[in-house]
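[1] Just a sequence and a predicted model for now, questions to come.
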Amino acid sequence: MKGHIRARGKNSWTVKFDVGRDPITGKRLTRWHTVHGGKREAQRKLAELIHAANEGTYVEPTRVTVAEYLGRWLAHARSRVAARTFERYEEIARKHLVPALGGLRLAKLAPMHVQAYYADALAHGRRRRKDNHDAPDAGLSAQTVKHHHRVLSQALRQAVRWQMLGRNPCDAVQAPRPVRRDMRTLDHAQSAALIKAADGRRAYVPVLLALTTGMRRGEILGLRWRDVNLDDAALSVAQTLEQTAAGCALKAPKTPRSRRTITLPTLTVEALRRHKAQQAAQRLRLGPIYRDMDLVCPAEDGNPQSPRALTKTFQRLAAEIGLAVRFHDLRHTHISHLLLAGVHPKVASERAGHASIAITLDVYSHVMPGMQEDAAKRVDAALRKALDA
């Protein structure tokens, strides 16, 4: 493909080049760009444009701003992701990405703009409260900014698919590296203390299920009796409860691996039998007020129990016995206990509903050193026994 430059004014050049032929008429297609700077900059820009045209990555510039584009992308994403995920996308775009990058034209967005935003967010990204304007600047965590990077990269990847960008600027940007936090887990004595403290309270069954199955909070609150087989000591994870600004809603598990069957220990089976009888009595007491949705862990009136309400109830319970843990840490506890007991990581991964065994091995790598030592001892013992025979 060909092109040339022509002086337009002082330090201003017109770059003219071919982008191929119209597939219908066969006429040659020509494009023009204005370049500000010296002749060398104009020549360099011409070479870049001709190379992009040859590679098929040339995209004709538009006057769409980053803010306008993010609005279009959010409208596109709304029906393609879970409601809670969309709320998070919208919040990140409205509170962070648009104020920082929204005024730029999408076609002019460069890696240096994105990298500068990440640096500023890490240093000053936390918003001051309206009633405390004198508070010092605070930065967002590396984990939070990395999430912003994922959302922006996903949005710009769609712009490439829509041929509004030739390449994704985020591909040339280094996202922050979060420092991995130490995982908080309970030992068996602490787990027993927590179960005893919860006994007789509404949080008892959710706590017991989390500690003995590793189910997520939403999975526990979305569990139905029809998905529980007490005779076979097993349950199926078939739906999950999600809380959004619009309220609570039941939905399918996020990934195929999340949809799974989990065997139950007898301790949990016995507790569920008692709980089912107590729930039936509660339903008779409330009569028509009770809304029977077949949920194992509903609110008092049978409606779905708010995940946030369960979290607050659990926090009070844990504080009473001096434990500084989150409800999600009960899931970590169960998986860690499995691995420490010598259960194969693949079994632990399937029980947890992880997308792959690699996730289990990565997240719970802190448990592996003890397993390695135990494996070495077993190999040593077996070989010595054989050698001494």
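    Alright, I've got the coordinates.

[2] CA only for contacts and neighbour counts going forward, please
    Noted.

[3] how does this protein divide into domains?
    Per the record, the chain has its domains at 3-55, 66-172, 188-328, by automatic domain parsing.

[4] Out of the ones you listed, which is closest to Lys377?
    domain 188-328 (23.9 Å; CA to CA).

[5] mean confidence for the closest one?
    What domain 188-328 shows for mean pLDDT is 94.

[6] Spatially, what comes nearest to Thr185 if we skip its sequence neighbours?
    Spatial nearest neighbour of Thr185, excluding adjacent residues (CA to CA, 6 or more residues apart in numbering): Thr333 at 4.7 Å.

[7] And Phe86, by the same measure?
    Arg78 (6.0 Å).

[8] what's the burial count for the one you found?
    Arg78 has 15 neighbouring residues, counting by other CA atoms under 10 Å.

[9] Let me know whether it touches Arg88 as I believe.
    No - Arg78 is beyond contact range of Arg88, at 11.1 Å (criterion: CA atoms under 8 Å).

[10] Would you reformat the domains of the chain as CSV and include distance to Ala352?
    Output for these, formatted as CSV (distance: least, CA to CA, whole Å):
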stretch, distance to Ala352
domain 3-55, 45
domain 66-172, 21
domain 188-328, 6
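
[11] Ok, which of those comes nearest Leu338?
    Closest to Leu338 of the domains of the chain is domain 188-328 (CA to CA; 9.8 Å).

[12] First-to-last residue distance for the closest one?
    Terminal residues of domain 188-328 are spaced 17 Å apart (CA to CA, to the nearest Å).

[13] that older thread, next one: the residue nearest to Phe86 relative to Leu70, how far apart?
    12 Å.

[14] can you pull out the strands in the stretch 101-250 of the chain?
    228-229, 234-237, 240-244, 247-251 (DSSP state E, counting those that start in this stretch).

[15] from the middle of its chain, how far away would whichever helix or strand comes after the last one be?
    Beyond strand 247-251 in the direction of the C-terminus, DSSP states H and E gives the next helix or strand as strand 260-263. Relative to the centre of its chain, strand 260-263 is centred 23 Å away, using CA atoms, centre = their mean, to the nearest Å.

[16] Next: stretch 2-16.
    For stretch 2-16, the distance to the chain centre is 47 Å (CA atoms, centre = their mean).

[17] Excluding its own residues, what touches it? List them.
    Identification of contacts with stretch 2-16 by CA atoms under 8 Å, 6 or more residues apart in numbering yields 17-18, 30-39, 42-43, 45-46, 50.

[18] average model confidence for it?
    Average pLDDT, stretch 2-16: 86.

[19] just stretch 378-389 next, same as before
    81.

[20] Pull out the buried positions in that stretch.
    Within stretch 378-389, no residue counts as buried by 16 or more other CA atoms under 10 Å.

[21] And for stretch 108-120?
    Neighbour counts over stretch 108-120 (16+ other CA under 10 Å) mark Lys108, Leu109, Ala110, Pro111, His113, Val114, Gln115, Tyr117, Tyr118, Ala119 as buried.

[22] Then stretch 84-93?
    Phe86, Glu87, Tyr89, Glu90, Ile92, Ala93.

[23] CA-only coordinates of it, as CSV, when you get a sec.
    Only the C-alpha atoms of stretch 84-93 are listed here, as CSV (Å, rounded to 0.1, in the frame of the first residue of the first chain):
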residue,chain,number,x,y,z
ARG,A,84,-24.2,-8.2,40.8
THR,A,85,-21.3,-8.4,38.3
PHE,A,86,-22.9,-5.7,36.2
GLU,A,87,-23.4,-3.5,39.3
ARG,A,88,-19.7,-3.7,40.0
TYR,A,89,-18.8,-2.9,36.4
GLU,A,90,-21.1,0.1,36.5
GLU,A,91,-19.7,1.3,39.8
ILE,A,92,-16.1,1.1,38.7
ALA,A,93,-16.8,2.9,35.4
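
[24] same question for that stretch, mean pLDDT?
    93.

[25] Repeat that for stretch 47-61.
    75.

[26] now do the same end-to-end measure for it.
    17 Å.

[27] Based on its surroundings, how many neighbours for the residue nearest to Arg167 when sequence neighbours are not counted?
    The shortest distance from Arg167 to any non-neighbouring residue, by CA to CA, 6+ apart, is to Val160 (6.0 Å). Number of residues near Val160 (other CA under 10 Å) recorded here: 15.

[28] wait, Val160 sits on Asp171?
    No - the pair Val160 / Asp171 is not scored as a contact, 11.8 Å apart, by CA under 8 Å.

[29] Can you flag the buried ones in the contacts of stretch 2-16?
    Phe17, Asp18, His33, Thr34, Val35, Lys39, Ala42, Gln43, Lys45, Leu46, Ile50.

[30] Just the ones in helices from those, please.
    If you go by DSSP state H, the buried ones among the contacts of stretch 2-16 have Lys39, Ala42, Gln43, Lys45, Leu46, Ile50 in helices.

[31] Need the residues you listed in a markdown table (columns: distance to Glu300).
    Output for these, formatted as a markdown table (distance: CA to CA, whole Å):
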| residue | distance to Glu300 |
| --- | --- |
| Lys39 | 76 |
| Ala42 | 72 |
| Gln43 | 73 |
| Lys45 | 68 |
| Leu46 | 70 |
| Ile50 | 68 |
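
[32] Going by distance to Leu387, which of the residues you listed wins?
    For these, the nearest to Leu387 is Ile50 (72.9 Å; CA to CA).
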